[in-house]
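> Let's see this in three dimensions:
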Amino acid sequence: MTKRILAALLSALLLLSLATACNNGSSSSSGGGDTPAVDPATGEVDLNVKRDMRILISSNTFITDYNDNWLTQKLEEDLNCDITMETLPEGDDGLAKMQLMINGGDTLPDVFSLSMNSALMYQYGSGGTFLALNDYYENEKIMPNWAAIESEEDKTTMLSTVTAADGNIYALNMFQPETWNMNPYRMYINQKWLDNLGLEMPTTTDELRDVLKAFREKDPNGNGQTDEIPLFTNYVNNGNYGCNVLLPIINSFVYCSGNMSSLSLSEDGKTVIAPQVSDGWKEAMKYLKSLYDVGGILPDGSFIYGTDTTGFKGTLNFQGNGIEEAPEGKSVNVVGLFSCGSNSGNFAGSGKDENVNFLEYRMMPVLETGNGEAYNPYIEQPGSGYWYVTEDAKDPAFCVYMGDYFYDREMSINVRFGQKEVDWTDDPEYCSNWYEQHTKLLEQFADKGAKQLKVEYQWVVGVDSENLTWSEANNHFWHNCQPRYMDLETFTYHYGTWKDPNNFQYYYGDTLGDTSLEYYNEAHPDYILPLLSYTTEEQNQITEFQIAYPEEILNWTMKFITGEADIDGQWDAYKAALDALGLQTYIECSQAAYERTVYYQANFQ
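Alright, predicted model coming up:
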């Protein structure tokens, strides 16, 4: 097989988000040119040596210049080097250009500061384009900031995404988990409808069924028409960032993470399982069928199919922006229950209480069934590889040293928020004063649910003005395209955002991060299946299955819900159909891949 054909096949796998890898070798390599990497006397990187560096990065429309750039210049000053930044187009065009660059025979940049899946990482790692970095990770003088990370659990998670099937580490990781992104399947129910009908917020699956039945039958929007859609969902495998509400409902019966076809782990964390063939999944199907039977799920109106979200958003905003709030006893909406990960992405103007459709909704907690612990889909954020040292690197040890510099606490904040003392500050007095002032401002909006959940402000984003690095063009950083590290506890509870105290407003949307944290953050099992990297042999066995399986699950789920297939009578036929598709082989390959992960070895060996 030629390199060109292999690259094309792996590009297709990338676009399908199929994590893959090849299996050969396990040695680490220093590679590169002849420039002295370290001082022989100390074993440390010799910063007295002036170096030239070429870094390849994916361009971003918000960054005006990568060479005339505060972050680039800071690296040059701190590490005594001259950096030339080279950019790729965004998206598929950038991927194609990168592959042409690698296969074209030209001298490569020292570092690729890019994100790619394990298929490409291992293709170019095993082929020698990217150097294995295992030895550097063990060298505290080359990677002092990595060595200083206290959480072994975080290190294990980070390594899981940059360690290939052969055990080689080919990149440095960008890791900063955020609770909001871990729980995108946030369920929203129409509080206005509940109030109009004198109903309480449901907390169990039985209560939800009663509520959805009432939503369909009792005209909660008060327009005299039976136009209500009690449950509304974007019916796709991955939920389009949390928009398939069936998945969080299923999780009340059995845990299934990011999409309808996800694999999970057994309760003891040792075994890969398919929740789709479990007794809990069967009970979930029966429950969804019961919602269909009482009119809570409509055969036509409840489902939007495909990845185009225009119809989904259009129905949620049926009366559009600018409509005045509905009078008492009425509602502007036609939807009772949905889920989504992005409020502003689905309801324009919701961030400043300018969308009257969204203002009628309140977040709904995980629903209990009475038959065991209930969960919510949990999207673990293991980070991603973002710093690949190439075979043409003149000084690989220095390249790794620079990548490790981003793990320094201050640098990790710089690369996330911009220029220190312009876009953010960690001045103790400033942070303490703003914490005290901000807390008092929040107290004025206690009736809206405002409260100070942060323990302290170790740093503040924005210095007497709002931080606009993510919304306006600038040359302060690389727009978050490099390694970094921040633990979940620190990022959740120890930093603040500056707001104008003279025009301070608190909006409904400002409460949702805290509510999501309370309702969903801990609603998952102890053991979560990490990202898996398959060998070539394994991937060849499961690729067709991975493509077909999600659609098969969606088709059978729909048949169970609508009664086209009898759940008890055809359950065995359903499982047999999945086995015929290749489910058992998929589980076996995934078990083998799981036992190779750093996560498994850290917990069970």
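> CA atoms for contacts and neighbours, from now on please.
Fine.
> My guess is residue 196 contacts residue 326. True?
No - with contact defined as C-alpha atoms under 8 Å, residue 196 does not count as touching residue 326 (11.5 Å).
> shared neighbours of these two, which are they?
Taking C-alpha atoms under 8 Å, 6 or more residues apart in numbering as the criterion, residue 196 and residue 326 do not both touch any residue.
> Can you tell me how far residue 314 is from residue 342?
Distance, residue 314 to residue 342, by C-alpha to C-alpha, to the nearest Å: 15 Å.
> Please identify which of those two sits among more neighbours.
Neighbour tally, residue 314 and residue 342, criterion other C-alpha atoms under 10 Å: the higher count belongs to residue 342, 17 against 13.
> what are the phi and psi values for the more buried one?
phi -120, psi 120 (degrees, to the nearest 10).
> And residue 285, by the same measure?
With angles defined as degrees, to the nearest 10, residue 285 sits at phi -60, psi -40.
> Equivalent analysis for residue 388, please.
Torsion angles, degrees, to the nearest 10, at residue 388: phi -110, psi 120.
> okay, residue 120: pLDDT?
Listed pLDDT for residue 120 reads 85.
> Could you number the chain from 872 rather than 1 from now on?
Noted, 872 is the first residue going forward, which turns the last one into residue 991.
> which strands and helices sit next to the helix or strand containing it?
Assigned by DSSP states H and E, residue 991 belongs to helix 989-997. Helix 989-997 is packed against helix 874-886, with contacts defined by 3 or more C-alpha pairs under 8 Å, 6 or more residues apart in numbering; DSSP states H and E.
> now the helix it packs on: mean pLDDT?
35.
> Downstream of that helix, the next helix or strand is which one?
strand 922-929.
> next helix or strand past that following strand?
Scanning forward in sequence from strand 922-929 by DSSP H and E, the next helix or strand is helix 941-950.
> now whichever helix or strand comes after that following helix and strand 922-929, what's the angle there?
Counting by DSSP H and E, the next helix or strand C-terminal to helix 941-950 is strand 952-959. Relative orientation of strand 952-959 versus strand 922-929 (axes from the mean of the first three to the mean of the last three C-alpha atoms, to 10 degrees): 20 degrees.
> how far out from the middle of the chain is strand 952-959?
Its chain's average C-alpha position is 28 Å from that of strand 952-959, according to C-alpha atoms, centre = their mean, to the nearest Å.
> what about dumping the CA coordinates of it to PDB?
The C-alpha trace of strand 952-959 is given here as PDB (Å, rounded to 0.1, in the frame of the first residue of the first chain):
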ATOM      1  CA  CYS A 952      15.200  31.700  20.400                       C
ATOM      2  CA  ASP A 953      13.900  33.000  17.100                       C
ATOM      3  CA  ILE A 954      10.600  31.600  16.100                       C
ATOM      4  CA  THR A 955       9.100  31.500  12.700                       C
ATOM      5  CA  MET A 956       5.400  30.700  12.800                       C
ATOM      6  CA  GLU A 957       3.900  28.900   9.700                       C
ATOM      7  CA  THR A 958       0.200  28.400   9.300                       C
ATOM      8  CA  LEU A 959      -2.200  26.000   7.800                       C
END
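> Quick one: list the elements packing against the helix or strand that it is followed by.
Moving toward the C-terminus from strand 952-959, the next helix or strand (DSSP H and E) is helix 962-974. The contact analysis (3+ C-alpha pairs under 8 Å, 6+ apart) places helix 962-974 against helix 874-886, strand 952-959.
> Next one: residue 1377 relative to residue 1312, how far apart?
The value you get for residue 1377 to residue 1312, if C-alpha to C-alpha is used, is 9 Å.
> ah, wrong one, I meant residue 1429
Relative to residue 1312, residue 1429 is positioned 49 Å away (C-alpha to C-alpha).
> Over to residue 1098?
In terms of C-alpha to C-alpha, residue 1098 sits 42 Å off from residue 1312.
> okay, those two: which has more neighbours?
residue 1312 (19 against 16).
> got the contact list for the helix or strand hosting that one?
Using DSSP H and E, residue 1312 sits in helix 1299-1314. With contact meaning C-alpha under 8 Å, 6+ apart, helix 1299-1314 is reached by 1296, 1321-1323, 1327-1331, 1367, 1369, 1372, 1375, 1377.
> Lovely, talk soon.
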